[in-house]
Every structure is written in C-alpha cells, then in structure tokens.
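> Turn this into a model:
(one chain, ligands or ions: 1)
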Amino acid sequence: MRFENQVVMVTGGAAGIGQVTAENFAKEGAKVAICDINADSGAAAAKALGPEASFTQVDVANSTSVSDWVDAVLDQFGQIDVLVNNAGITRDGLIMRMKEEDWDAVISVNLKSAFNCIKAISKIMVKQRSGRIINLASVVGVMGNPGQANYVASKAGMIGLTKTVAKELGSRGITVNAVAPGFIETDMTAVLSDKARDAMLSIIPLQRAGSPQDVADAITFLASDGAAYITGQVIHVTGGMYM
Ligand code: NAI
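A predicted model of the protein is given here:
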C-alpha cells in the first residue's frame, strides 16, 4: 500500500492508460480524483475505483475548468500529492494538409492542459513542500513520426515542460518526470491500420504492443517513495522501440 493517505489526480482517467493508472493508485490505498471530458465513462470509472474516488467532467484545455477541479479536490481531500497529466488526443494528417483547428486542438488538449494543471497544482505542492508530477509524453516526441506533426510537437513540448518544471520545483521537494509510451493497445491506437500496426511491431524488440498496465506501472513507480531521487527524466515504456 504505497499510496495510503495520498491524494492522486489523473486527467483523462475514463479510459486507457489513465483508467488503469487510477486503478493502480486506488489498489495501493490512494484517494483518486479523476477527470475526463467523457462524463458517462468517467463516472463509471470512478465508481469502479471505490467510495473514496471522485469524478469531475473537465476539459483539460480549459484553464478555468481545471482550476475549479483542483480547488474542489483540495476542498474535498485537504491535500494533493500526485498529478498525472494523461489526457490526450490525436488528429493525424500530413503537414501540408493539416487543418489549423487540428493543430490547435492537439496542442491545447495534450500540452496546454499540462500547463493548466501544473500551474493550478504547483502552488499547493509548494506549500506542502512535496509532490509528484508525471506527464504523459510519447516515444514519437523524441523520434518524430510522419502524419503526426501536431501530436509529436505536443509530446516534445511535454518533455521540455517536464525538464523545466523539474528545475523550477526541485528545491521544494517536488519531482517532475515524463513517461514516454511506445505502441500501447488502447482506443487511441485501435484506429490504426493493419499496415501501421505491423510497421510498429517490426521495430519493437520485445515483439508485442504494450498494455495500459505496462505504462501505469511506470507511472506509479515514479510517484512512489522508490523514485524519490528521480526528477526531470523521461522513462520510455516502449518494449525497446527506442533506445
Ligand atoms: P485514450 O484515448 O484511450 O484515453 C484518453 C482519455 O483522455 C479518454 O478517456 C478521453 O476521453 C480523455 N480526454 C480526451 N480529451 C480530453 C479533454 N479535453 N479533457 C479531458 N479528458 C480528455 O488514450 P490512451 O492511449 O490511454 O492515452 C493516454 C495518454 O498516453 C495520452 O496522453 C497519449 O497521448 C499517451 N500515449 C499513448 C500511446 C498509445 O499507444 N496508446 C503512446 C504514447 C503516448
């Protein structure tokens, strides 16, 4: 029970990696507050976590909704120990054809969201002089990926944000790290063609797609006491796709 008496916030906790991450924390004693844009599946996911979990419908790209959520969680639980910036979307297309609105949507949901959440939560963690922030990046934020200029830029931005906030908040006992998943079986990747899946699998030394559990376990490790001296890092969970 590594997270007994701890309060953990997970964005995009209704599905995929966020949902399993919330389950991991709840199983180890945390009070978990999830948010998601999807109200039905978010409410169901929180219910499955047990009576101490909460769900709030939030668009993480909207700074007012995010700060209202953070205030409500602080009011309910009195402290915030861990923030997982997980919510994310894709709007793929080659750069020459990418619509401006698809660029803006991905940058807002994947990157501005983390700014919104970290800004709202950092004052609380600084006052506590402790906290863990874990940002979901992606292996493509390091490697690049054709057809995903908006997504890759958002994930590379997440890595720069992680390192900078780690430097700003380290003196206050707060660690900030990123997890960079590779090819993980969730709704996000279910839309990929067989050809795209085979191309991904052909460059994974462990020869399988990852599961949300594989990523959630790295996230919970970074939030645990065992990771107390790790900050500003990008942990790749890719089956070796990138070394
Ligand atoms: P998913 O699509 O299964 O789940 C994402 C969740 O975020 C959904 O519940 C969705 O409703 C929520 N969400 C979307 N927009 C939102 C908004 N504006 N406000 C609040 N919630 C919102 O995705 P998955 O695969 O679980 O991805 C989670 C994170 O991991 C994302 O940041 C993604 O970019 C990242 N990632 C995923 C990889 C994969 O292969 N699945 C690989 C690398 C990174």
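> Now do the buried residues in stretch 24-39.
For stretch 24-39, a neighbour-count test (16 or more other C-beta atoms under 10 Å) marks 24-26, 28, 30-37 as buried. Quick note: C-beta positions are derived from backbone N, CA and C, even for glycine.
> want to throw the residues you listed into JSON lines with distance to Asp194, pLDDT and secondary structure?
What follows is these, written out as JSON lines (distance: C-beta to C-beta, whole Å; pLDDT from 0 to 100; DSSP: H, G, I helix; E, B strand; the rest coil):
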{"residue": "Asn24", "distance to Asp194": "31", "pLDDT": "98", "secondary structure": "helix"}
{"residue": "Phe25", "distance to Asp194": "35", "pLDDT": "98", "secondary structure": "helix"}
{"residue": "Ala26", "distance to Asp194": "35", "pLDDT": "98", "secondary structure": "helix"}
{"residue": "Glu28", "distance to Asp194": "37", "pLDDT": "98", "secondary structure": "coil"}
{"residue": "Ala30", "distance to Asp194": "39", "pLDDT": "98", "secondary structure": "coil"}
{"residue": "Lys31", "distance to Asp194": "42", "pLDDT": "98", "secondary structure": "strand"}
{"residue": "Val32", "distance to Asp194": "36", "pLDDT": "98", "secondary structure": "strand"}
{"residue": "Ala33", "distance to Asp194": "38", "pLDDT": "98", "secondary structure": "strand"}
{"residue": "Ile34", "distance to Asp194": "32", "pLDDT": "98", "secondary structure": "strand"}
{"residue": "Cys35", "distance to Asp194": "34", "pLDDT": "98", "secondary structure": "strand"}
{"residue": "Asp36", "distance to Asp194": "29", "pLDDT": "98", "secondary structure": "strand"}
{"residue": "Ile37", "distance to Asp194": "29", "pLDDT": "98", "secondary structure": "coil"}
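> For these, which two are the farthest from each other?
The largest separation in the buried residues of stretch 24-39, counting by C-beta to C-beta, is between Glu28 and Ile37 at 26.5 Å.
> okay, Met241: pLDDT?
Looking at Met241, its pLDDT is 96.
> Now do the contacts for it.
Met241 makes contact with 139, 182-183, 200, 203-205, according to C-beta atoms under 8 Å, 6 or more residues apart in numbering.
> Just give the nearest non-adjacent residue to it, would you?
The shortest distance from Met241 to any non-neighbouring residue, by C-beta to C-beta, 6 or more residues apart in numbering, is to Gly182 (4.2 Å).
> looking at it, the one you found is touching Ala218, isn't it?
No - judged on C-beta atoms under 8 Å, Gly182 makes no contact with Ala218 at a distance of 11.6 Å.
> would you say Ile133 is within a helix?
No - assessed with DSSP: H, G, I helix; E, B strand; the rest coil, Ile133 is strand; it does not lie in a helix.
> so which helix or strand takes in the closest residue in space to it that isn't next to it in sequence?
Spatially, and ignoring its direct neighbours in sequence, Ile133 is nearest to Val176 (4.4 Å; C-beta to C-beta, 6+ apart). In the assignment (DSSP states H and E), Val176 maps to strand 174-181.
> residues of the helix or strand just after that strand that come out buried?
Remark: after strand 174-181, the chain's next helix or strand is helix 187-190, criterion DSSP H and E. Buried residues in helix 187-190, counted by 16+ other C-beta under 10 Å: 188-189.
> just how off-centre is helix 187-190 within its chain?
The chain centre lies 16 Å from the centre of helix 187-190; the measure is C-alpha atoms, centre = their mean, to the nearest Å.
> And the ligand, is that helix touching that?
Yes - residues of helix 187-190 contacting the ligand under C-beta under 6 Å from any ligand atom: 187-189.
> Contacts for that helix, please.
Outside of helix 187-190, the residues within contact range by C-beta under 8 Å, 6+ apart are 15-16, 88-90, 183, 197, 209.
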